[in-house]
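*Asks:* build me a model:
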Amino acid sequence: VISSYSVAPVVCFGTIYGDASGGKFTKHPDLRRVGCGLSKIDDSGNLLWAISLNLAGKAQTVPRGELFAIVRAAQLAPDGATIYFVIDNHGNYDKFNSGQSAALLTNNGDLFKIIFDEIRVKELIFTVRWMPSHLDESDLHWLPPDISALDLKGNDFADKQADVAAIA
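*Replies:* I've put the predicted structure just below:
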């Protein structure tokens, strides 16, 4: 099931935010249905577009869903695009940034293969940046210097889309 909310056509380049949610059954692996969300905002923090989708397959873990969001961003990207992907899953951030050889050896190597193939074939410039999750503007005083109020808004939109998909 793929649904989307869009106030403009989905153009996947620039800064993209991704998230995943296990929904109300996240603590119950046999019932868990992971939802994923992507969002893009403008320079004022207004939502340009957002997509919610379900993680396919039997392996329904939130980290896999977070990685699937990166897969979809790479798949939606036009050839030659530059993407700055912001994720709140530190494990996937570390694995992506450890390079293709190391990432392919992980439990989710199949998804990393898709990502790195998309980057290679489309000649994407693809950066993954980590930010802490579930924050609001009151947290800005202790955040790393590369995390902004706009990042909080973009991540929040992606988080909400992931929640919507986890219900479906």
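*Asks:* so, low pLDDT: which residues of the chain?
*Replies:* Across the chain, the ranges flagged by pLDDT under 70 are 1-11, 24-32, 134-142, 168.
*Asks:* mind listing the strands for it?
*Replies:* 2-6, 14-21, 35-41, 47-54, 82-87, 125-130 (DSSP state E).
*Asks:* against which helices or strands is the third one packed?
*Replies:* It refers to strand 35-41. strand 14-21, strand 47-54, helix 62-76, helix 149-167 (3 or more Cβ pairs under 8 Å, 6 or more residues apart in numbering; DSSP states H and E). Placement of C-beta: from N, CA and C, glycine included.
*Asks:* hmm, back to that, reformat the strands of the chain as a markdown table; add distance to residue 102 and mean neighbour count.
*Replies:* Shown next, in a markdown table, are these (distance: least, Cβ to Cβ, whole Å; neighbours: other Cβ atoms under 10 Å):
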| stretch | distance to residue 102 | mean neighbour count |
| --- | --- | --- |
| strand 2-6 | 30 | 13 |
| strand 14-21 | 21 | 26 |
| strand 35-41 | 23 | 27 |
| strand 47-54 | 27 | 22 |
| strand 82-87 | 17 | 20 |
| strand 125-130 | 14 | 16 |
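*Asks:* as TSV, these with distance to residue 105 would be great.
*Replies:* TSV is the format used below for the strands of the chain (distance: least, Cβ to Cβ, whole Å):
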stretch	distance to residue 105
strand 2-6	30
strand 14-21	22
strand 35-41	23
strand 47-54	26
strand 82-87	20
strand 125-130	18
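*Asks:* kind regards, and thank you for your time.
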